[in-house]
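*Asks:* Please work out how this folds:
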Amino acid sequence: MQNINDLRNEFINAHAEALLPTAVISAYTGYSIAWFNNRAVAGGGVPYTKIGKNRQYKKQDVLDWLAKHTKKTKSTSEY
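*Replies:* Residues are numbered from 1 along each chain as shown. Model (predicted):
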């Protein structure tokens, strides 16, 4: 099993069109694998492609989703 830094580097070094497994996306985003599994059923998560029994996430889709669903703040008092 790869460590979290190896998984993050796999995401960072991947081409924008690369399909990546949930573990890599989880390591990069900080969302748990369970969160991705839940969102795959309930909706509202990152778009994915199903190949057999495995979900694969396109790197660019992850980056686009993060840009749309991330709130930028200057301090925690803004929450």
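*Asks:* Please count neighbours and contacts with C-alpha atoms only from this point.
*Replies:* Fine.
*Asks:* Now for the residue nearest the centre of the chain: which residues touch it?
*Replies:* In the chain, the centroid-proximal residue (C-alpha atoms, centre = their mean) is residue 25; its distance is 3.5 Å. Residue 25 makes contact with 8, 11, 57, 62 under the criterion C-alpha atoms under 8 Å, 6 or more residues apart in numbering.
*Asks:* just so I have it, where are all the strands in the chain?
*Replies:* Read by DSSP state E, the chain holds these strands, from start to end of the chain: 19-21, 49-51, 54-58.
*Asks:* Touching the first one from outside, list them.
*Replies:* Applying C-alpha under 8 Å, 6+ apart, the external contacts of strand 19-21 come out as 11, 54-59.
*Asks:* on that earlier part again, what confidence value was assigned to the residue nearest to the centre of the chain?
*Replies:* Turning to residue 25, the model gives it a pLDDT of 98.
*Asks:* related to what we said a few turns ago, could you identify the most distant pair in the contacts of residue 25?
*Replies:* Pairwise distances among the contacts of residue 25 were taken by C-alpha to C-alpha; the largest, 14.0 Å, belongs to 8 and 57.
*Asks:* re earlier: scan the contacts of strand 19-21 and report the most crowded one.
*Replies:* Within these, neighbour counts (other C-alpha atoms under 10 Å) peak at residue 11, which reaches 23 neighbours.
*Asks:* I'd assumed residue 29 was in contact with it.
*Replies:* No: taking contact to mean C-alpha atoms under 8 Å, the distance of 9.8 Å between residue 11 and residue 29 leaves them out of contact.
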